[in-house]
Each structure stands twice: as structure tokens, then as C-alpha cells.
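> below is the sequence, then the predicted model.
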Amino acid sequence: MRIASILLLCALLLSAGLPGADIALASPSMPPPMADLAGRLLPSVVSVASTDPVGGNAESVPDGGASTGGAATNPNQPAQSGDISGASSSSVIPPPKAEEALGAGFIFDPAGYIATNNHVIDGATSVTVTLNDGTILPATIVGQDKRGDLAVLKVDAGHKLPAVQFGDSSKLRVGDWVLAIGNPYGLDASASAGIVSALHRDIGEDKYDDFIQTDATINRGNSGGPLFDISGHVIGINSAIYSPSGGSVGVGFAIPSAMVQPVVESLKATGAIKRGWLGVSSQDITPTIEKLLNLPGASGALIAGIMEGGPSDHKLQPGDVLVSLGNVAITNPRSLMIRTAQILCGQTAEATFWRDGSLQHTAITVAAAPPNKPPGVAAQPPALPNVNLAAIGVAISPGASASGLTVIAVTNGGPAAKAGLVADNRIGAVGAQSVTSAGALRDQLNALADNHQKIAVLLVSGDNAAGDDPGPRWVPVGLSK
């Protein structure tokens, strides 16, 4: 009787509104059925083998990117010559050894176009592809994107091949189920399932790092293989793992389809890739800048500079906060750079931004970045008299150039010096107001002081205190009494 009372009490406690009790008692979510999905997708996944004859000093070809930031290698030992059929050792030249890299890929066009990682085939003199039915075909390299670690191969099977479709990786959420298929350790057509562990991972491989992290088992040889969502769409290419032991520890990384699809389509069409460029510089929104510029929040990329004649010229302006590009949210300058790189040259994307307290839209046609930026020209000291601005501790030239007023001197220990301003900097705006003359700048600073503002946010270009030129940026500067 006492045992029954204790059990009843426990049941009452569990149902008495304890935090999380309703979640704990809910029916657990079961993994989705994978067998039918895998059976449908396996015919589109291929094994990729590349061979690179090497000499004593040649670098070996990676075998499928089993570890983050590196590839497995098998250094060749010097060949040992010896007597063969009575021939002297000095007359025998052994054949060159070869490195073989094993990876995976998937057919994205029935005509025989295959996507894989660049590191699987980079440096190879011959590439073969094994289809799911065991057919072995020679492959040609159509195009390579070394920075994005992507490549496109072409095989001729004499008939159409089963192809898979790309999905929208921007819609992924942490916890979504995924299926990885590849060629781990040469074990072709191997499938593993898991979930999306994290999004937008930067693993230090390249500036375009934006990896999907998954706990689906990925090993050496999985590189280049597809990562599918539960609908059977390719939402990534498995490219690397974190592996202290050399094997899978449940931390794998895939290039998202938002980056893969435009790149492989461009490689297929032209054999090359030209990523988009907006012609802007941007920066993070700090709490101070958010308050001083009266911005709606800290999410987005704060535009600091616009290149004259670039895609964004007369579309955006310094002080705008870009929050969306091509229907993808922009949360910071890095996400803007990655999103821009996902858009191919010549394509038009809608940009959504905050300006003057309202949400606005414009269409921007991205272009190729200019091959070389012209070197910066140091500002020449103008003729006297210069204008002293005691409020921030600088002396400036009396006339304004296209990039603003030139700082001639900075008072040691003054507000501008503490904020990192140096001689030859240019001041282009105070808050949302552009600088038109030295007098106008003085009036703008005085107006802030009259309104009991203690900080002015200035649009500054030119070198910083470290001697680097980070481009235009918004800098909070204290105001002296």
C-alpha cells in the first residue's frame, strides 16, 4: 500500500507543471525511414578515383579530405633498383610510382556531369568514375574552383544517367535529418544518416567558409559525395571532418548547396567561375554605432564605402544597413561577402536595407571584381590655413574631396587619436550627414555638442593606427567640452 502511494505521488509530481514535464512526456520523434530514400538516390552517386604519377619531390594527391584543413598523404620511398635477368642495377630505371586519391561525387546532369571536391582530383593526370552499377568510365575535368574546393567532371556513358536535384540549404535548421552517401575507404555506395549539428561554420579553410556541420558518419573517401535532405535533394557536398584519430568522431562539414549549385553550373557552362561583387565595404554594427546612428538593431552589414562606378553605386550609400540580398538574410559583413560570392556575375539580386528609419529595396546586378585595385594615393598637405577642430582633436584641410575632408594632424591623447584616427585619414560623414566643407563639419560637431551628445560617429577612410588600410569604416569619436 505504501509503495502504491509513493508511485502515485511520483506520478502527480511529474504532471504537476514541473518545467519541461510536458516535453519529457511527449512522444519521441523517431528517425525518418531511410531505406527507400537511399535506394532512390544511390544510382546518382559515383566513386571517383584520380591518379597522379609522382617523382621524388611531387606532392601527393589528397584522398578525400578526411580531416579538417588537410589531406592524407602517402609519401613515396626512394625506389630500390636491383639486378633483373642479369642486368646491372645502374641500367635499371624503375617505373614512376603513383598516388591514387579516392573520393565520391554525384550526377547533377543526366548528360554525365558530375560534381565533386576539387581536392579529390586536383593534380591528377587521369580520373575514372565508377557508377553505382559497377560501370567504370574515364572522366574529363570540365572545370575547377580551387578556392571553393569544387570541381565538375564529365563522363560519356552512351545514355542518360540518373541525376539528383539541388535543394535550398538556406532553409536548413539545426536538427534537420540528413543522409550522406560516399566512398569511405573505397567502400563505395556507403550511406550514413544524422542531423544538421550547426550552420555557417568557419573552419579556416578559405574566406568563403560557410559549412554545414553534421554528425552523419563521414570518413576518408566521402569527400565530394552528396549530403541529402529528407526529401532527397542535395543540400551540401561532404568535404572535411574534424578527426584527432583519423576516423569519424561525428563532426563532419559540407559545403552548402547555396554555394555549390551556382559554382558547378558555371563550371559546366564555361569551365570557369566568376563570383559576384557588389563594390561595397561594410562593417559590424556595434552597440555604440547602433545607438548613434539610430539603427533598428545590430543585425546586418553597415555600409561604409561604395566604389564609384561599381554595381552598388547610386543604389546604396554609406550608412545603409543591408539586411537581405537575393532573399537571403544578411546578419553581418561576413554573411554579406559569402552571399555575394554565391551570386554569379551578371545576375540581379534584390537588396533590402534600412535607410533613414525605413526598410527600402533596390535591384543590384552583381559584376566581376576588378582585377587589380589602383594603389591608394597619399593625400598631399594643402596650403594653409588648416581648420582646427578642438572638439575631436584634429586639424583638417579646408576643402573637401570626393572622399571627404583630409586630416592633416591629430592631437596626441585627443579624442580622435584615442579612436585610432591618423594623419591623411578622410572624414566623409558625421552620422547620416555627408561632409561638404570644414565649416559644415564644425557645425555638425557643434550641433551634437549642443544636444548634449558625447560621441560623434564619423565615416573615416584611409590608414588606421596600425598602418593598414581597412577601407571606409564608421568610427565613434568622443567630443571634448
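Yep, that arrived.

> so residue 173 sits against residue 197, correct?
No: look at residue 173 against residue 197 with C-beta atoms under 8 Å: they stay out of range, at 11.4 Å. C-beta here means a position set from N, CA and C on the backbone, and glycine is covered the same way.

> tell me which of the two has more neighbours.
More neighbours surround residue 197 than the other of residue 173 and residue 197, with 18 against 8 (other C-beta atoms under 10 Å).

> and for residue 215, the neighbour number?
Here the neighbour count serves as a burial measure; for residue 215 (other C-beta under 10 Å) it reads 18.

> same check on the one 3 residues further on?
By other C-beta under 10 Å, 31 other residues sit near residue 218.

> so what's the closest residue to it other than its chain neighbours up against?
The shortest distance from residue 218 to any residue other than its chain neighbours is 3.7 Å, reached at residue 252 (C-beta to C-beta, 6 or more residues apart in numbering). Neighbouring residues of residue 252 by C-beta atoms under 8 Å, 6 or more residues apart in numbering: 180, 213, 214, 215, 216, 217, 218, 222, 238, 240, 241, 242.

> which residues of the stretch 301-450 of the chain score low on pLDDT?
In the predicted model, the stretch 301-450 of the chain carries pLDDT under 70 at residues 372-384, 399-402.

> repeat that for 80
For the stretch 301-450 of the chain, the stretches flagged by pLDDT under 80 are 371-386, 398-403, 432, 436.

> can you map out the helices along it?
333-341, 415-418, 438-450 (DSSP state H, counting those that start in this stretch).

> alpha carbons of the shortest one, as PDB, please.
Presented in PDB, the C-alpha positions along helix 415-418 are these (Å, rounded to 0.1, in the frame of the first residue of the first chain):
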ATOM      1  CA  PRO A 415      39.500  62.000 -28.800                       C
ATOM      2  CA  ALA A 416      40.400  61.300 -32.400                       C
ATOM      3  CA  ALA A 417      43.800  59.800 -31.500                       C
ATOM      4  CA  LYS A 418      42.100  57.600 -28.900                       C
END
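
> tell me which residues in that helix are buried?
Applying a neighbour-count criterion of 16 or more other C-beta atoms under 10 Å, one finds 415, 416, 417 buried in helix 415-418.

> gap between the most centrally placed residue in the chain and residue 123?
To find the centre residue of the chain, average its C-alpha atoms and take the closest one (C-alpha atoms, centre = their mean): that gives residue 208, at 3.0 Å. The gap separating residue 208 from residue 123 is 21 Å, by C-beta to C-beta, to the nearest Å.

> before we move on, what about residue 362?
Distance, residue 362 to residue 123, by C-beta to C-beta: 44 Å.

> try residue 469
Taking C-beta to C-beta as the measure, residue 469 and residue 123 are separated by 36 Å.

> of the two, who's got more company?
Residue environment comparison for residue 469 versus residue 123 gives the larger neighbour count to residue 123, 16 against 11, counting by other C-beta under 10 Å.

> my guess is the more buried one contacts residue 141. True?
No: counting by C-beta under 8 Å, residue 141 is not a contact partner of residue 123; they are 10.6 Å apart.

> what are the ranges of the strands in the stretch 301-450 of the chain?
Listed in chain order, the strands found in the stretch 301-450 of the chain under DSSP state E, counting those that start in this stretch are 301-306, 321-325, 328-329, 348-355, 358-365, 387-389, 394-401, 404-410, 426-430, 433-434.

> the stretch 101-250 of the chain: strands as residue ranges?
Shown for the stretch 101-250 of the chain, the strands assigned by DSSP E, counting those that start in this stretch span residues 113-116, 126-130, 136-145, 150-154, 177-182, 190-201, 211-214, 226-229, 234-241.

> okay, those in TSV with mean pLDDT and distance to residue 340 next?
Converted to TSV, these look like this (pLDDT from 0 to 100; distance: least, C-beta to C-beta, whole Å):
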stretch	mean pLDDT	distance to residue 340
strand 113-116	98	22
strand 126-130	96	31
strand 136-145	96	16
strand 150-154	97	17
strand 177-182	96	26
strand 190-201	95	15
strand 211-214	97	18
strand 226-229	98	24
strand 234-241	95	20
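
> residues near residue 31, how many?
Using other C-beta under 10 Å, the number of residues around residue 31 comes to 10.

> follow-up on the earlier one: joint contacts of residue 173 and residue 197?
Contact with both residue 173 and residue 197 is made by no residue, according to C-beta under 8 Å, 6+ apart.

> what does the closest residue to residue 249 other than its chain neighbours show for phi and psi?
Distances taken as C-beta to C-beta, 6+ apart place residue 243 nearest to residue 249, at 5.9 Å, with adjacent residues excluded. Torsion angles at residue 243 (phi, psi; degrees, to the nearest 10) stand at phi -150, psi 90.

> ok, residue 243 touching residue 250?
No: with contact taken as C-beta under 8 Å, residue 243 and residue 250 are classed as non-touching, separated by 9.9 Å.

> of those two, who's got more company?
For residue 243 and residue 250, the more surrounded residue by other C-beta under 10 Å is residue 243, and the numbers stand at 19 against 15.

> local confidence estimate at the more buried one?
Here, the pLDDT recorded for residue 243 equals 80.

> check residue 117 too.
96.

> separation between it and residue 340?
23 Å.

> between those two, tell me which one has more neighbours.
The residue with more neighbours, out of residue 117 and residue 340 and counting by other C-beta under 10 Å, is residue 117; that gives 28 against 22.

> excluding its backbone neighbours, what's nearest that one?
Spatial nearest neighbour of residue 117, excluding adjacent residues (C-beta to C-beta, 6+ apart): residue 224 at 4.2 Å.
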